[in-house]
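Colleague: Take a look and give me a structure for this.
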Amino acid sequence: MIADEAELRKAVELARLIVRGAERGARWPSLALILNRGARTRKAMRTRKRAGAMPPIVTVIIIVAAVVAAALAAYFIYTTTARGVRQVSLTVIGQPTLYAVNKTAVELRVTFKNDGTADVDLTGSIISVQTKNKTVVQFTSPQTVAGGSLKLAPGDSVALKYTAEAQLDDFPDGAMATLQTRDGYQTSFAVAKP
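Modeller: Have a look, this model is predicted:
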């Protein structure tokens, strides 16, 4: 510790000497002479060189930290890529059509195909259809038309029917409809009347 303080004092004295020389208009060659010698004694400055390498435990800790950091980065990249690649993509096949079941109920028949890379569950899904007076009617309780599952694997398709309490005359031909699943996936399409 004492040697470090002595070297620090020498560095401060050297800096002061350089500033004084610069104020007097000294040239750089005389400063080079000052840098190569002691500030007051005009002796060559001692430099302390430390011999040896890092202790082995420090090397091991650095290697372990690098491996852990690389593993965490690889895991983060893998999970975000896997999550981004597995997506739902529902498309409507054919023309979704509204049918009057009776005077107070309307049925919507639509066929969906899963063109994505993840499964989609249509159980509990809702289709909202806009009426002539700009209100929204919700069609609920999806049922399969020809049997099958409401859970679509990638590449599967299913024909469904939804029902709502409304009159067929409330809806314009080509009304906009939006499907929303319980998982939050949405897709929009137009519906027709027979």
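
Colleague: CA atoms for contacts and neighbours, from now on please.
Modeller: Will do.

Colleague: I figured A164 hits R109, correct?
Modeller: No. If you go by Cα atoms under 8 Å, A164 and R109 don't touch, sitting 11.7 Å apart.

Colleague: helix or strand for the most centrally placed residue in the chain, which one?
Modeller: Geometric centre of the chain, nearest residue: T80, 6.8 Å, by Cα atoms, centre = their mean. If you go by DSSP states H and E, T80 is part of helix 56-85.

Colleague: Dump the helix or strand just after that helix to CSV, restricted to CA.
Modeller: Remark: after helix 56-85, the chain's next helix or strand is strand 90-102, criterion DSSP H and E. What follows is strand 90-102, C-alpha atoms only, in CSV (Å, rounded to 0.1, in the frame of the first residue of the first chain):
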residue,chain,number,x,y,z
LEU,A,90,-58.2,-20.0,-39.0
THR,A,91,-59.7,-19.6,-42.4
VAL,A,92,-63.3,-19.8,-43.5
ILE,A,93,-64.1,-22.4,-46.1
GLY,A,94,-67.1,-21.7,-48.3
GLN,A,95,-69.8,-19.1,-47.5
PRO,A,96,-71.0,-18.7,-43.9
THR,A,97,-74.8,-18.6,-44.1
LEU,A,98,-77.5,-17.4,-41.7
TYR,A,99,-80.7,-19.5,-41.5
ALA,A,100,-84.0,-18.8,-39.6
VAL,A,101,-84.7,-21.6,-37.1
ASN,A,102,-88.0,-20.1,-36.0
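
Colleague: Buried residues, strand 90-102. List them.
Modeller: When burial is assessed from 16 or more other Cα atoms under 10 Å, strand 90-102 yields the following buried residues: 90-92, 96-101.

Colleague: now the residues you listed as TSV including distance to Y75 and pLDDT?
Modeller: Listed next are the buried residues of strand 90-102 as TSV, based on distance: Cα to Cα, whole Å; pLDDT from 0 to 100:
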residue	distance to Y75	pLDDT
L90	30	87
T91	33	89
V92	36	91
P96	43	94
T97	47	93
L98	48	94
Y99	51	93
A100	54	92
V101	54	91
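
Colleague: Looking at the residues you listed, which one is closest to P56?
Modeller: Closest approach between the buried residues of strand 90-102 and P56, by Cα to Cα: L90, at 58.3 Å.

Colleague: Excluding chain neighbours, what is closest to the closest one?
Modeller: N114 (4.7 Å; Cα to Cα, 6 or more residues apart in numbering).

Colleague: isn't that neighbour right next to K151, touching?
Modeller: No. Taking Cα under 8 Å as the definition, N114 is not a contact partner of K151, at 9.8 Å.

Colleague: The two: who's more crowded?
Modeller: A side-by-side neighbour count of N114 and K151, using other Cα atoms under 10 Å, places N114 first with 22 against 15.

Colleague: for the more buried one, what are its contacts?
Modeller: 88-91, 120, 152-157 (Cα atoms under 8 Å, 6 or more residues apart in numbering).
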